[in-house]
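In: what shape does this take:
(2 chains, ligands or ions: 2)
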Amino acid sequence: MLKVEGLRVAYGRLEVLQGITLEVPEGKVVTLVGANGAGKSTTLMALSGLRRVTGGRILFEGEDLAGLPPHEIVARGVVQVPEGRRVFARMSVHENLLMGAFLRGRRDAARDADHVFSLFPVLAERRSQRAGTLSGGEQQMLAIGRALMARPRLLLLDEPSLGLAPTLVAQIFEILRAIHAEGVTLLLVEQNVHQALSMADDGYVLQAGRIALHGAPAELLANDEVRRAYLGES
Amino acid sequence: MSVGGAQFAQQVVNGLAVGSVYALIALGYTMVYGIIELINFAHGEIYMIGAYIGTLAVAGLLALGVPLLPALGAALLAAAALTSLYGAATERLAYRPLRGSSRLAPLISALGMSIFFQQFVLLSQGAKDKIFPVEISSGGFSAGAVKVSYIQTAILAVAACLMVALDQFVRRTRMGRAMRCMAQDPVMASLVGVPVHGVVSLTFLIGSAMAAVAGFLIALYYGKVNYLVGYIAGLKAFVAAVLGGIGNIPGAMLGGLLLGVVESLAAGYIGGEYKDVVAFAILVVVLIVRPAGLLGARLPEKV
Ligand SMILES: Nc1ncnc2c1ncn2[C@@H]1O[C@H](COP(=O)(O)OP(=O)(O)O)[C@@H](O)[C@H]1O
Ligand SMILES: [Mg+2]
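Out: Ligands and ions are numbered 1, 2, ... in the order given. Okay, here's the model as predicted:
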């Protein structure tokens, strides 16, 4: 479904992505892990059309997305839940969801909002509340719900469990499994390497702008380097 | 009503009329700032161009034998439509190519556009006042000693309609919601599929159309325009926008009305030559007490 080939992105003269190649097959969950500053968010932003690509290709179903404006990428079904949730704080929960469905019809949006409310009952209770007043976990649910409103075919998630209490982390991963079960393909960026690998079909390790390792989750979990660097084992 | 009370009420009425014009212009500043954080220094000139187009259109329509009221209405619409194209073209040609560069570059470009428009109108229309081709009756409605002229009534009515319409547009429509999203988080707005350039263009179209309406109303009110009227009006409207809280739409409305009323009271009670002093003194005091303006956010609400 998605094939990234030799992707390069630079901030000024600093080349942050130095030729990344990865693949996300349709219907799978692929995870991209790596230390802070490795370039994970930059990768997702480039996929969403928000970083200028200086080299390589981003093939989504054969079409190169590099150079397309972000809204055209959303229109093709590649939707991102960015790092830090970024809910529209001064809008209500319901308005946030409507914004997620910006490119879709009104009637579809109403139906999909009901679906999101069934996935996240807590959002239904708070539908007229300002998003800025929600707790961190609720904001993350809203951010995911908002992305679902765009009817993603490929959902890009940037550290959805960041800063959440363990019970909430488990809940978020539960939701991600449910979303995947509905047929959405996932590219999941996580620091929570164990959880991420446990639900993934395939994993990539990003190190300083390059793919350092690629393999099945079980392989990566067994890899000494991964265990040391990301699973806190010595 | 006592004589003092009547004078006060009369100054308030006059102030509301002028203030609602400031408010219409201020909305353009504040919407653009809210969305791309640019102070569009050329906005006063957009207002001036609206006043010219309106004046020329009325003259043309009357010469063609169109009756007065339809001519005024059609000229107003023509001024709004054509001027909004000037505004959107300015953004497209002078600001958009600079987006993503330093913050200063578009500001300088805006100053340049302001001078360009002044000179353009000076060269094409001359330095002399252009006289509004119709003398509007000085009559009006009166309540006791307080008089509201027909023109003031028209200004208040048109401005009120536009402000209500804008408020509803921004609150309830899909594109209005997109504007609010851009103001809060432009990156996230593009991630939900908002065509960012399109929304920016739309913002300039709307802001410029409202400035043109303001220009037309003022040309009608004072009976003339010249190529420099955009400077002072633009400055006043900018002050109004800052007073209300730049980036905040109700704030621009409030700031405009307040500025108009304060100026008018100062002119009535202290003397016309002091009205600008008083207006700017109030701005300074408000900004000391509330740096973000009257309705500005106290804290950044971005997460
Ligand atoms: N807007 C930016 N401007 C300049 N450098 C940036 C910017 N965003 C990220 N970087 C740098 O790019 C590198 C990768 O960042 P990022 O993609 O956010 O990493 P990650 O998400 O893996 O933590 C870091 O060194 C970071 O400092
Ligand atoms: Mg990151």
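In: which parts of chain A sit against chain B?
Out: Within reach of chain B by CB under 8 Å from any CB of the partner chain, chain A has these residues: A:48-50, A:69-71, A:74-75, A:79-80, A:82, A:84-91, A:95, A:98-100, A:102-103, A:132, A:139, A:146, A:150. For every residue, glycine as well, the C-beta is placed using N, CA and C.
In: low pLDDT regions in chain A?
Out: By pLDDT under 70, the weakly predicted segments of chain A are A:231-234.
In: in it, which residue is closest to the centre?
Out: The C-alpha lying nearest the average C-alpha coordinate of chain A belongs to residue A:157 (CA atoms, centre = their mean; 1.2 Å).
In: now the strands: where do they sit in chain A?
Out: Taking DSSP state E to define them, one finds strands in chain A at A:2-11, A:14-24, A:29-34, A:53-60, A:63-64, A:78-81, A:154-158, A:185-190, A:202-207, A:210-215.
In: just give the closest residue to whichever residue of chain B sits closest to ligand 2, not the sequence neighbours.
Out: Of all residues in chain B, residue B:187 sits closest to ligand 2, at 13.5 Å by CB to the ion. Nearest-residue entry for residue B:187: residue A:50, 6.3 Å, with adjacent residues in sequence omitted and distances by CB to CB, 6 or more residues apart in numbering or on different chains.
In: can you name the residue of chain A nearest to ligand 2?
Out: For chain A and ligand 2, the shortest gap (CB to the ion) falls at residue A:41, measuring 3.2 Å.
In: that residue touches residue A:189, doesn't it?
Out: Yes: between residue A:41 and residue A:189 there is a contact under CB atoms under 8 Å: 7.2 Å.
In: those helices in chain B, which residues are they?
Out: In chain B, the segments counted as helices under DSSP state H are B:3-36, B:43-63, B:68-90, B:104-125, B:150-172, B:174-184, B:186-191, B:196-222, B:229-244, B:249-269, B:275-289.
In: thinking again about what came up before, neighbour count: residue A:41 and residue A:189, which is higher?
Out: A direct count of neighbours by other CB atoms under 10 Å in any protein chain shown for residue A:41 and residue A:189 places residue A:189 higher, at 26 against 19.
In: tell me what that one is bridged to.
Out: Taking DSSP bridges as the rule, residue A:189 bridges to residue A:32, residue A:158.
In: contacts only, for the residue of chain B closest to ligand 2.
Out: Listed by CB atoms under 8 Å, 6 or more residues apart in numbering or on different chains, the contact set of residue B:187 reads A:50, A:82, A:86.
In: cool, and residue B:178?
Out: A:99, A:102, B:189, B:194, B:199.
In: tell me, what's touching residue A:41 and residue A:189 both at once?
Out: A:83, A:158.
In: next one, pLDDT for whatever residue of the stretch 101-250 of chain B ends up closest to ligand 1 please.
Out: Taking CB to the nearest ligand atom as the measure, the stretch 101-250 of chain B has residue B:187 as its residue closest to ligand 1, at 10.5 Å. Confidence at residue B:187, expressed as pLDDT, is 96.
In: again with residue B:1
Out: Predicted confidence (pLDDT) for residue B:1: 58.
In: please apply the same query to residue B:301.
Out: Listed pLDDT for residue B:301 reads 42.
In: what do you get for residue B:298?
Out: Per-residue confidence at residue B:298 stands at 52 (pLDDT).
In: hmm, back to that, pull out the buried members of the contacts of residue B:187.
Out: A:50, A:82, A:86 (16 or more other CB atoms under 10 Å in any protein chain shown).
In: quick check, nearest of those to residue A:197?
Out: Nearest to residue A:197, judged by CB to CB, of the buried ones among the contacts of residue B:187 is residue A:82 at 21.8 Å.
In: residues in contact with the closest one?
Out: Applying CB under 8 Å, 6+ apart, the residues near residue A:82 are A:41, A:44-45, A:143, A:158, B:187-188, B:191.
In: so where's chain B shaky on pLDDT?
Out: Residue ranges of chain B with pLDDT under 70: B:1, B:297-303.
In: would you mark the buried spots in stretch B:66-77?
Out: B:66, B:71-72, B:75-77.
In: how many residues are close by residue 133?
Out: By default, I'm working from chain A. As a burial measure, residue A:133 scores 12 neighbours (other CB under 10 Å).
In: please refer instead to chain B.
Out: Using other CB under 10 Å, residue B:133 has 18 other residues around it.
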